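Here's my sequence, what's the structure:
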Amino acid sequence: MAIRPIITHPNDVLLKKCEDITVFDTKLAKLLDDMYDTMVASDGIGIAAPQVGESIQAAIVDLGEGQDIIEMINPEIVEIGGSEIEVEGCLSFPDIYGEVERPFYVKVEAQDRTGALYELQAEDYEARAILHEIDHLHGVLFTTKVIRYVELEELENEVEEV
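Residues are numbered from 1 along each chain as shown. The predicted model follows:
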């Protein structure tokens with residue numbers, strides 16, 4: 001496993017819709033492991049393949065707190081509900097934070113690293129992180145959704161970057 005450089009804005013790979021994954025092999029497993037190590041080393045809670053220079057439909061979310069690591073391959077949003085505005089950050093935009101409105105609830109269908117299909121439901125901060133990473137897979141950056149930028153001094157609590 002290796003820590004890869006984080007791609008920061010501006011970079012065209014962050015603006016492209018990623019390709020579907022059709023081969024589930026050791027190369028994909030190594031990429032997912034590297035992405036996880038990179039995310040942890042960067043104090044993130046989520047990372048998408050384009051953030052390490054790979055334009056493929058793979059993303060990881062790990063909120064810690066004893067929860068399972070979520071690996072999403074070819075994720076599809078099948079249901080959303082509610083709405084909330086919270087502050088977000090992004091590993092590809094160091095030290096930039098902003099208020100973003102996102103659904104409170106999300107239901108996703110995806111594949112795991114072996115290609116097996118699964119369904120995931122999430123609420124609140126977990127839903128926000130999942131939706132942020134899925135946006136990356138479609139070339140959508142959180143800065144396009146920011147309602148108001150927030151200065152570091154304004155943050156009462158430390159915000160995890162996704």
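
can you list the weak-confidence ranges in this protein?
In the prediction, the chain carries residues with pLDDT under 70 at positions 1, 156-162.

Longest strand in it, please.
Scanning the chain for the longest strand, with DSSP state E as the assignment, gives strand 70-81.

distance between that strand and the chain's centre?
11 Å (CA atoms, centre = their mean, to the nearest Å).

Next, name the residue at the spatial heart of this structure.
In the chain, the centroid-proximal residue (CA atoms, centre = their mean) is E133; its distance is 2.3 Å.

What are the buried residues along the helix of greatest length in the chain?
Secondary structure of the chain per DSSP state H: the longest helix is helix 26-41. For helix 26-41, burial by neighbour count (16 or more other CB atoms under 10 Å) applies to 28, 31-32, 34-36, 38-39. Heads up, the C-betas are built off the backbone N, CA and C, glycines and all.

How far does it sit from its chain's centre?
Going by CA atoms, centre = their mean, where helix 26-41 is centred and where its chain is centred differ by 13 Å.

now what about stretch 134-153, what contacts it?
Contacting residues not belonging to stretch 134-153 are listed as 9, 14-18, 48-51, 57-59, 72, 75, 77, 85, 87-88, 90, 92-93, 95-102, 108, 132 [CB atoms under 8 Å, 6 or more residues apart in numbering].

all helices in the chain, in order from the N-terminus.
Going by DSSP H, the chain shows helices at 26-41, 124-137.

Tabulate the CA atom coordinates of the last one in PDB.
Taking only C-alpha atoms (Å, rounded to 0.1, in the frame of the first residue of the first chain), the coordinates of helix 124-137 have been written out as PDB:
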ATOM      1  CA  ASP A 124     -26.800  13.200   8.100                       C
ATOM      2  CA  TYR A 125     -23.000  13.600   7.900                       C
ATOM      3  CA  GLU A 126     -22.500  10.100   6.500                       C
ATOM      4  CA  ALA A 127     -25.000  10.900   3.600                       C
ATOM      5  CA  ARG A 128     -23.200  14.200   3.100                       C
ATOM      6  CA  ALA A 129     -19.800  12.500   2.700                       C
ATOM      7  CA  ILE A 130     -21.200   9.800   0.400                       C
ATOM      8  CA  LEU A 131     -22.800  12.500  -1.800                       C
ATOM      9  CA  HIS A 132     -19.700  14.600  -1.900                       C
ATOM     10  CA  GLU A 133     -17.600  11.600  -3.100                       C
ATOM     11  CA  ILE A 134     -20.200  10.600  -5.700                       C
ATOM     12  CA  ASP A 135     -20.100  14.200  -7.000                       C
ATOM     13  CA  HIS A 136     -16.400  13.800  -7.600                       C
ATOM     14  CA  LEU A 137     -17.100  10.700  -9.800                       C
END
